[in-house]
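**Student:** Compute the structure for the input listed below.
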Amino acid sequence: MSPREDVGRNPILVCAPFGRDGETISELLRGAGYGVQLFGDLGALVAELDQSVGAVLATEEGVVASTVLAAALADQPAWSDVPVLILTSRRNSTRLPADGQGGRLLADITNAILLERPLGARSLLSAVDVALRSRRRQFALRDQMVLLAQSHDALELKVQERTAELEAEVAQRAKAEAALRQSQKMEAVGQLTGGIAHDFNNMLTGVIGSLDIMRRRIASNRLEDLDRFMDAAQASASRAAALTQRLLAFSRRQSLDPRPTDINSLAASLNELIRGSVDERVSLRFALDPDLPRAIVDVNQLESALLNLAINARDAMPGGGEMTIGTRAVHLDAGAAQRLGVAPGAYVMISVSDSGVGMAPDLVDKVFDPFFTTKPLGQGTGLGLSMVYGFARQSGGHVRIDSHPGAGTTVEVLLPATEDEVADEASAPDAAPHGDGQRVLVVEDDPAVRLLVREVLEELGYLPVEAAEPHAAIPILASPMPFDLLISDVGLPGMNGRELAEIARSHRPHLPILFITGYAENATIRADFLGAKMSMVAKPFRLEELAAKINEMVAVSA
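**Tutor:** Numbers count the residues shown, from 1 in each chain. Model prediction:
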């Protein structure tokens, strides 16, 4: 499109205040097909100056004394630079000198074209045509900028829409994953509770049934053969206690007493017990590292874990084979430790390997799940490996398993190593020692447990004083009545046993304190929970164990 075809939209503003110059120029431009607007003074022209103007044509006498045109042009948009054609006179060229106001005017008009008069019609029209072509390029640039802005806005809108779609997809996926996790959690809880209910119902049947038979026989004075039913009830109750302990181990909530331990000596001490658990077709071999450092671990729980692993290895070799118990030192760098979820440093590894049937990868992924077992129904609770895993993790270590069908299985237990020396263990007495009238305060909210503890104390020659909850015990502790020992449950209504111990120590700084606990989350690591002259017995306990611990604690206060 030529400039002349756009005359309606892009007029030429003409300002020639003297003589007939304005009319002559306007007639010439209109005759050539341009749109023209004629103004008698520059102020009126500036009032009509907008973005649609094609060019400004003015005589020098019309612009020399005014700055309004430069000010108006300075307010143009960034894309706009209106061409300004100024007709100068050779005779009056001093009207636009290089310096002074005229020079500053020309400097302020960035797109000024000086045309010297007298000027032929063809030259004027040619100059106007060039100016309008330059202006058309500015309009094209403007249109491109508008399109670009529109494209940018459209792109931004699409980005926002896609972002919203992605956020909705992510939210939907997160919701689906949460639902899947909840489903898996409920499935695991269902499997766990189902397994617990099955095993506990069997055990409770043994306990309740035996007690019912004993009650009936005692009522009818048939006292013979009662030992058989007492043994059955005791065995079922012991199995229930072991199951509870395994559940706590699986959930990493059991009460641990970690100490520096010689793992080689512990493994060797289990030699006869393990050999007695396997038949003659299974050969037992030990591969113990003689330079093995000591490990920080609860000895009793490690013994239970090793026996579980040995029994699993035995069952994996129904036709016989070789079982190997090995130890070695391991150092985990930061990368390896992070992959296992443990702290970097030195570890002791104890492994149990068998040459048995092995397991497929899909079974290996499930072996630490509670109540998952590859054994026939009724030949395993499915808590053995989950207990080992929970115990190792609670001890600050890890468990690894490597198994392949037909190539056997190896389970490795990593435990934190230490340079500390092994502590001497005091041997437990064969019979419960007796007291000599020492007074013991018993704080226990369970009436049955409180009854048992009181009976044990009375049979052993101690003088028990009972309190069913902490607020009843505090006034007794604040009284002048002398006490040689405080026995307190850890989980009590209103405050826990450790808080009660602090109150007791504020009244009796040297009073020994024995905690009895079935489960307390803040007492899972005994060394962190206990203070000076404090000890702990885990429920359920044998009366001989409780009696020995009471005697030990009373001796501390003597």
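**Student:** What distance do you get for the residue nearest to residue 309 when sequence neighbours are not counted to residue 339?
**Tutor:** Ranked by CB to CB, 6 or more residues apart in numbering and with sequence neighbours excluded, the top spatial neighbour of residue 309 is residue 352, at 4.0 Å. Where C-beta positions appear, they are placed from N, C-alpha and C, glycine not excepted. Going from residue 352 to residue 339 by CB to CB, to the nearest Å gives 22 Å.
**Student:** Which of the two has more residues huddled nearby?
**Tutor:** Between residue 352 and residue 339, residue 352 has the larger neighbour count (other CB atoms under 10 Å), namely 25 against 10.
**Student:** confidence score at the more buried one?
**Tutor:** pLDDT recorded at residue 352 is 90.
**Student:** Helix, strand, or coil at it?
**Tutor:** Using DSSP: H, G, I helix; E, B strand; the rest coil, the secondary structure recorded for residue 352 is strand.
**Student:** Would you mind confirming that it is in contact with residue 308?
**Tutor:** No - applying CB atoms under 8 Å, one finds residue 352 not in contact with residue 308, separated by 9.2 Å.
**Student:** Tell me, how many residues neighbour residue 113?
**Tutor:** Residue 113 has 17 neighbours, counted by other CB under 10 Å.
**Student:** so what's it up against?
**Tutor:** 83, 84, 85, 86, 127, 131 (CB atoms under 8 Å, 6 or more residues apart in numbering).
**Student:** Same check on residue 352?
**Tutor:** 306, 309, 310, 312, 313, 323, 324, 325, 410, 411.
**Student:** Residue 232: which element?
**Tutor:** helix 226-250 (DSSP states H and E).
**Student:** For that helix, give the mean pLDDT please.
**Tutor:** For helix 226-250, mean pLDDT rounds to 68.
**Student:** Quick check: next helix or strand after that helix?
**Tutor:** That would be, after helix 226-250 and using DSSP H and E, strand 259-261.
**Student:** what's the offset of the following helix or strand past that next one from the middle of its chain?
**Tutor:** For strand 259-261, the following helix or strand on the C-terminal side (DSSP H and E) is helix 263-269. Distance, stretch centre to chain centre, for helix 263-269: 38 Å (CA atoms, centre = their mean, to the nearest Å).
**Student:** what does helix 263-269 rub up against?
**Tutor:** Here helix 263-269 makes contact (CB under 8 Å, 6+ apart) with 286, 288-290, 292, 294-295, 297, 299, 302-303, 306, 325, 327, 348, 350, 415.
**Student:** Kindly report the same for stretch 451-459.
**Tutor:** Identification of contacts with stretch 451-459 by CB under 8 Å, 6+ apart yields 435, 440, 442, 444, 463-464, 466, 487, 516, 543, 546-547, 550.
**Student:** Tell me which of those fall in strands.
**Tutor:** 440, 442, 463, 464, 466, 487, 516 (DSSP state E).
**Student:** is it possible to export these to TSV including pLDDT and distance to residue 318?
**Tutor:** Output for the ones in strands among the contacts of stretch 451-459, formatted as TSV (pLDDT from 0 to 100; distance: CB to CB, whole Å):
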residue	pLDDT	distance to residue 318
440	90	53
442	90	51
463	91	58
464	90	53
466	90	54
487	89	49
516	83	43
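**Student:** Return the closest of these with respect to residue 151.
**Tutor:** Nearest to residue 151 among those is residue 516, at 76.9 Å by CB to CB.
**Student:** Next, the residue lying closest to that closest one once chain neighbours are set aside: secondary structure please.
**Tutor:** Setting aside the residues directly before and after it, residue 516 is nearest to residue 537 in space (CB to CB, 6+ apart), at 5.1 Å. Assigned with three-state DSSP, residue 537 falls in the strand class.
**Student:** Can you list the buried residues in stretch 172-182?
**Tutor:** Buried residues in stretch 172-182, counted by 16 or more other CB atoms under 10 Å: none are found.
**Student:** the strands in the stretch 101-250 of the chain, which residues?
**Tutor:** Assigned by DSSP state E, counting those that start in this stretch, the stretch 101-250 of the chain shows strands spanning 112-117.
**Student:** Show me the shaky parts of it.
**Tutor:** Along the stretch 101-250 of the chain, segments meeting pLDDT under 70 span 101-107, 181-203, 239-250.
**Student:** For it, which segments count as helices?
**Tutor:** Taking DSSP state H, counting those that start in this stretch as the criterion, the stretch 101-250 of the chain contains helices spanning 121-219, 226-250.
**Student:** okay, those, which one's buried deepest?
**Tutor:** Ranked by mean neighbour count, those are led by helix 226-250 with a mean of 17 (mean count of other CB atoms under 10 Å).
**Student:** Going by distance to residue 136, which of the ones in strands among the contacts of stretch 451-459 wins?
**Tutor:** Among the ones in strands among the contacts of stretch 451-459, and counting by CB to CB, the member closest to residue 136 is residue 516, at 97.9 Å.
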